[in-house]
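# Everything below, folded, please.
(chains A and B)
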Amino acid sequence: MNRRRFMTLTGSGLAMLGGGRAFAQQPQGRLRIDPTEFRPIPIAITNFVPGSPADGDVSNGVTQVITNNLKRSGLFAPIDQAAFIERISNIDVAPQFQNWKTLNAQALVTGRMTRQPDGRLKAEFRLWDVVTGQQLAGQQYFTSPEYWRRIAHIISDQIYEQMTGEKGYFDSRVVFVDETGPKERRVKRLAMMDQDGANVRYLTRGADLVLTPRFSPNSQEITYMEFGQGDPKVYLFNIETGQREIVGNFPGMTFAPRFSPDGQRVIMSLQQGGNSNLFVMDLRSRSTTRLTDTPAIDTSPSYSPDGTRICFESDRGGRSQIYVMAAGGGQAQRISFSKDDNNATYSTPVWSPRGDYIAFTRQGGGQFSIGVMKPDGSGERLLTSGYHNEGPTFSPNGRVLMFFRDPGGNGGPSLFSVDISGRNELKVPTPGFASDPAWSPLLSATAGQ
Amino acid sequence: MKVNVDKTLVASIVLHVLVIGWGLLTFSSKAFIAPEESLPIDIISTDQLAQITNGQKTGKKEEPKPKVEKIAEAKPEEDSVGKVTEKKELIKTTSTPDTPPPPPKPVEKPVEKKPDPPKPVAEAKPKEEPKPQEKKPDPAKEDPIAELQKKLDTKKPPPKPVEQKVAAVQPQQQPKPKERSFDPAQIARDLDKRAATRHELTGTALNASASLGSTSGTAANNVATWQGAFQGAVKRCFTPTYNGQDANLYEADIDIPMRVDGSLASEPVIVAVRGPSRSIAQAVAESAKRAIVQCQVYSFLPKQQYDSWKLIPMTFGLKDML
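As a prediction, this is how the structure comes out:
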């Protein structure tokens, strides 16, 4: 008995030893963390230190613009300055990180605005990793004082890129159709503003109706459709000079123009009879090439970022759907298929600057929705729905969509933005009603073009 | 001539002769036993005894208490039943004491040692203690013991010191006849005592340092517990920002060197990053590093398993972000 018991105990002891060894080996495999919940990054943005008392307003303005940009992105949660423990008076001295850890901040922004003897404005900023105490970024810029907002946007992009790994989109503009007056006599003007709604400029006087403006890749030109004398025509507008010219001289109506990624061509629809087909015109040679030839309405073309393919809408199948084909024309492949509503239609497709998604307007079930799908038609996601949502346009980094929403009635349309995940839907401030937004490329990225 | 003999006188003489003869015989036997009284006895004081029993610094040190291994070897209690053969060895021990050089002092000690536990016990125990235990169960032992006693009686005259030793043992052997009666309860008692000794040594001698839980418990080996807790703690601080297409392809492998107190021994090391965009993958890794540093100290990690989390390899992914 005892011997048997001893053997049993010994056996179990050995088993325990073996078990312990097995447990010890478990950590050899990597532990995994896959968060399911999205949370913005807590960031502390201190007031930029003014180089002189006269620089106080611009310093506070830069701080405010940066805070507003990061907050509206939905990826950052700026900490209320009232909670700050430390006051930054010299950005050349490392902050007391413990004071910022206490606030649970992961990043800290400090900066200084100084007027130079030559009248220019010098902007400096530092981005600190509060947790590790390391400086993640530090830059200085010189500019004319009137461009202080753009400096704030550029700094915002630096912070955004450093923390997310993605290019920012704050240093960009939006061109849109500004609408004023009663509904029956609505005046529509071409307008342009910063992506945050500031610095609105009107490009046309409103004498003629304008639609579907689009930026050129270098952000210096805009192509749009205008109802002038006779048939509506596609125009080119130079932002710097204010000059405009007709793109091509076609017998019928041309509309829905858009630049190719290299800016050398404009693709558009040309109405001939009851049909409309896609054409592309080389801006240097002014030669035109027909891309589609169908007894249907093909319109709203949009290039892929690499310029090799085109997505467009067509009712060649009976209802308006989205198709993809080679940039030179040829066989088109339908990619939009509604799973829950056979009567749903898809329109206004636009290819993301990143190339990963195609955004669209979907009409079905009595609602207009804004959504995205992959270029092969898979992974369709509706981001927002309502009475009337239309005309999506991507931010330069492909992370945010802007569109216009018309509530109906006597009101008018407004601009909204939403993250491609469907979160963080925000109204974009405009002076009046606004529709047909088009986002420009990143200005700082196109400065050399 | 006729002699007149007094019959009473004759009877008196006869009786006297008988009485005297009986007395001679009786006294003569008592005188034969007398030699035992010639035992040499020295009376010594307690101080003297202390000096005698004092150990010498230069002397050989006795080994400490028996370790567990030895006790474990002595376990086979069942053998005690069959140890009849060992009794023969007992006989040898009684006869062999002649050979070891027992100095005159130890011979004297036993007399006064009765109150003193130290040396005599140490000397006698290893040989004598097993005897009573083994003898108890065996009724068959009577013969060898009887023979042993007879031998001892006959051997008495030669070496006195030997007799003294035997005499010293005798008071312990006196109960032997009683032990001969088979008593299972007594065996059980002895076995229980041995078991208790073994447990005591296991707890104190083998594990002098304090530790959490019982020394034989397995709760502390629950690795999954600390892993889950660690994942949860780091996850609280992990704020990745990317949730676009192919988010499931982004991963960052990070090794986390730890101190025993649950703090970071050094900065987490980014071992590898994966994903379509290098910059986004790197941002995921940096975000994970911040989370690891920000959420320390991980004091809940079990210290007794430090070897298993001295370096924690982790993978941070975004597959569930979309």
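# So A:Ser156: helix, strand or coil?
Secondary structure state of A:Ser156, per DSSP: H, G, I helix; E, B strand; the rest coil, is helix.
# what about A:Trp128, helix or strand, and which?
strand A:121-129 (DSSP states H and E).
# roughly how far out does that strand sit from the chain middle?
Here strand A:121-129 shows a centroid-to-chain-centroid distance of 25 Å under the convention CA atoms, centre = their mean, to the nearest Å.
# Against which helices or strands is it packed?
strand A:107-115, strand A:134-143, helix A:148-164 (3 or more CB pairs under 8 Å, 6 or more residues apart in numbering or on different chains; DSSP states H and E). To be clear about C-beta, it is placed using only N, CA and C from the backbone, and glycine gets the same treatment.
# What about A:Ser385, how many residues nearby?
15 (other CB atoms under 10 Å in any protein chain shown).
# what's the distance between it and A:Ser287?
Remark: distance between A:Ser385 and A:Ser287 (CB to CB, to the nearest Å) = 42 Å.
# Now the stretch 101-250 of chain A against chain B: closest residue?
Here the residue of the stretch 101-250 of chain A nearest chain B is A:Gly165; by CB to the nearest CB that distance is 2.9 Å.
# Return the nearest residue of chain B with respect to chain A.
B:Ala283 (2.9 Å).
# quick one: that residue and B:Leu318, what's the gap?
The value you get for B:Ala283 to B:Leu318, if CB to CB is used, is 11 Å.
# Common neighbours of these two, please.
B:Tyr242 (CB atoms under 8 Å, 6 or more residues apart in numbering or on different chains).
# Counting residues, which helix of chain B comes out longest?
helix B:7-33 (DSSP state H).
# Buried residues of that one, list them for me.
Buried residues in helix B:7-33, counting neighbours by 16 or more other CB atoms under 10 Å in any protein chain shown, are absent.
# Could you identify the helix or strand that succeeds that helix?
helix B:46-53.
# Let's see that following helix as PDB, backbone CA atoms only.
In PDB, the C-alpha atoms belonging to helix B:46-53 read as follows (Å, rounded to 0.1, in the frame of the first residue of the first chain):
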ATOM      1  CA  THR B  46      27.500  18.300  37.700                       C
ATOM      2  CA  ASP B  47      30.300  20.700  36.800                       C
ATOM      3  CA  GLN B  48      32.600  17.800  36.300                       C
ATOM      4  CA  LEU B  49      30.000  16.100  34.200                       C
ATOM      5  CA  ALA B  50      29.500  19.200  32.100                       C
ATOM      6  CA  GLN B  51      33.200  19.300  31.500                       C
ATOM      7  CA  ILE B  52      33.200  15.700  30.600                       C
ATOM      8  CA  THR B  53      30.300  16.000  28.300                       C
END
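# Now tell me which helix or strand of chain A has the poorest mean pLDDT.
helix A:2-25 (a mean of 35; mean pLDDT, DSSP states H and E).
# Return the set of buried residues in stretch A:224-237.
Those would be A:224-226, A:232-237, for stretch A:224-237 by 16+ other CB under 10 Å.
# Quick check: of those, which lies closest to B:Trp22?
A:Tyr224 (159.1 Å; CB to CB).
# and the closest residue to A:Arg354 other than its chain neighbours, how many neighbours does it have?
The shortest distance from A:Arg354 to any non-neighbouring residue, by CB to CB, 6 or more residues apart in numbering or on different chains, is to A:Gly398 (3.6 Å). Counted with other CB under 10 Å, residues neighbouring A:Gly398 total 23.
# Spit out the contact partners of A:Gly398.
With contact set as CB under 8 Å, 6+ apart, A:Gly398 has these partners: A:352-357, A:420, B:244.
# can you name the two of those that are farthest apart?
Across the contacts of A:Gly398 (CB to CB), the longest gap, 13.0 Å, separates A:Gly355 and A:Ile420.
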